[in-house]
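# Coordinates only, no sequence provided:
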Ligand SMILES: CC(C)(COP(=O)(O)OP(=O)(O)OC[C@H]1O[C@@H](n2cnc3c(N)ncnc32)[C@H](O)[C@@H]1OP(=O)(O)O)[C@@H](O)C(=O)NCCC(=O)NCCS
């Protein structure tokens, strides 16, 4: 697929920007600041390496390659010039589809930051040639995450067993995922 924009202003003071190796310290510190909250739902956060800046630097170098290859596009969420989370575009949900994933530092939740970013990113990617569907997947019990697509008008299309990753299930996962789809009128 064509690459999405490298930066998107979601609302004044809130921006998505293509992540870069120089974000490693801020990402590692962000994960460390609220690791139990993230590890409840994100298997990668159960791994101690997630809070290691060196590990993040290596991961970010690989992520830059994936962006250039067109296989995955991950942004940092920037609020008032500070990196406070990440939002990714993952072309892993079949032809024409792309999945949005996200996490936010707990000290920045409750202000609509992720909803604004996911809304802006949805609008940007459905405008790309070859993309006809955006999905957000979240565990059946992850009410805060599900509230994001619900607030944006996504449709809850179905429930599915959650694929098990190398890192294993996250702490609070039920093993069943909600699949939210944009545009809501799209079949399937
Ligand atoms: C999922 C997660 C990103 C949601 O964060 P969040 O802060 O609830 O989401 P938003 O940034 O969109 O903020 C929405 C909240 O701000 C409030 N809000 C304030 N101003 C708002 C505005 N202008 N627009 C929308 N919501 C606003 C909403 O009412 C809501 O608060 P509430 O839950 O108390 O009702 C966050 O909890 C997280 O990172 N969790 C751990 C990782 C995770 O689960 N990732 C997803 C895996 S599928």
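Happy to help now that I have it. Everything quoted here is computed from the prediction, not taken from an experiment.

# Could you measure from the residue in the chain that the ligand sits nearest to over to residue 148?
For the chain and the ligand, the shortest gap (C-beta to the nearest ligand atom) falls at residue 112, measuring 2.5 Å. In short, each C-beta sits where N, CA and C put it, glycine included. As for residue 112, its distance to residue 148 is 9 Å (criterion: C-beta to C-beta, to the nearest Å).

# what number of residues lie near the residue of the chain closest to the ligand?
14 (other C-beta atoms under 10 Å).

# cool, and residue 70?
Around residue 70 there are 11 residues (other C-beta under 10 Å).

# Wait, it touches residue 89, no?
No - look at residue 70 against residue 89 with C-beta atoms under 8 Å: they stay out of range, at 10.6 Å.

# could you point out which element follows the lengthiest helix in the chain?
When the chain is parsed with DSSP state H, its longest helix is helix 53-69. Using DSSP states H and E, the helix or strand that follows helix 53-69 towards the C-terminus is strand 73-79.

# can you give me the offset of that next one from its chain's centre?
9 Å (C-alpha atoms, centre = their mean, to the nearest Å).

# wait, does that strand contact the ligand?
No - Strand 73-79 stays clear of the ligand (C-beta under 6 Å from any ligand atom), getting no nearer than 8.9 Å.

# Report the angle between that strand and helix 53-69.
Angle of strand 73-79 versus helix 53-69, following axes from the mean of the first three to the mean of the last three C-alpha atoms, to 10 degrees, is 120 degrees.

# Could you pull out the helices in the protein for me?
Applying DSSP H to the chain gives helices spanning 24-33, 35-39, 53-69, 113-126, 143-152.

# can you list those in CSV and add mean neighbour count?
Shown next, in CSV, are these (neighbours: other C-beta atoms under 10 Å):
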stretch, mean neighbour count
helix 24-33, 19
helix 35-39, 18
helix 53-69, 15
helix 113-126, 21
helix 143-152, 17
